[in-house]
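>>> here are the coordinates; sequence isn't available:
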């Protein structure tokens, strides 16, 4: 079974496109960022995270995402250490999830596939792009945040110009109907590639 990454910067709409692959073509999707958040609330990771960030990292037994973000987004070394705790746990969880799937391919949806080096282990990568201002507008509608905070997060991720040459497929997600059409073409190509390998 092929493992296909689907990635894109914050506000690009990668989750929306991934959900379309699932609803339209019945392709299982592993939402790596959501699974990471869930795993960070498990006992096995809580101990390591509080050891790194202090007891304030959890409120009423749940990860305090605002507190954690305030600590790691301004400290690259701390962010790297946190990723060193979380990424191996996600990788293990993903492997067992894959074993339970029965499909021609699965999608692994994650914001930083290229940045964290996990792209190399995938069979193909779909990159979702969108103009910066559109991305900021989408995130402002979705999250309680500020344009400045979104800019900070965008600047932590690789620029699309750096990612496009590394991707197998690119969907410029401005108009959703056009993006869905492109997703359909990619789906057919992935099925053809599977037959030919």
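Alright, I've got the coordinates. The structure presented is a predicted model; accordingly, all values stated were derived computationally and were not measured. Numbers count the residues shown, from 1 in each chain.
>>> okay, now residue 50: neighbour count?
Residue 50 has 13 neighbouring residues, counting by other C-beta atoms under 10 Å. C-beta here means a position set from N, CA and C on the backbone, and glycine is covered the same way.
>>> so where does it fall, helix or strand?
For residue 50, the host element (DSSP states H and E) is helix 43-53.
>>> adjacent strands (with direction) for the helix or strand following that helix?
Later in the chain than helix 43-53, the nearest helix or strand by DSSP H and E is strand 58-59. Sheet pairing for strand 58-59, assigned by DSSP bridges, gives strand 62-63 (antiparallel).
>>> the partner strand - what's its average pLDDT?
Taken as a whole, strand 62-63 has an average pLDDT of 94.
>>> chain center to that strand, what's the gap?
Centroid separation for strand 62-63 versus its chain: 20 Å, with C-alpha atoms, centre = their mean, to the nearest Å.
>>> contacts for that strand next, please.
Defining contact as C-beta atoms under 8 Å, 6 or more residues apart in numbering, one finds that strand 62-63 is touched by 37, 40-41, 49, 57.
>>> wait, which of those is closest to residue 91?
For these, the residue nearest residue 91 by C-beta to C-beta is residue 40; the value is 14.4 Å.
>>> how about that closest one, nearest residue that isn't a chain neighbour?
For residue 40, ignoring the flanking residues on the chain, the nearest one in space by C-beta to C-beta, 6 or more residues apart in numbering is residue 63 at 4.9 Å.
>>> which strands or helices does the longest helix seen in the chain pack on?
The longest helix of the chain (DSSP state H) is helix 76-99. Helix 76-99 is packed against strand 29-31, helix 32-39, helix 43-53, helix 65-72, with contacts defined by 3 or more C-beta pairs under 8 Å, 6 or more residues apart in numbering; DSSP states H and E.
>>> pull out the buried residues from the third one.
Think helix 43-53. Neighbour-count burial for helix 43-53 flags 45-46, 48-49, 52-53 (criterion: 16 or more other C-beta atoms under 10 Å).
>>> perfect, that will be all.
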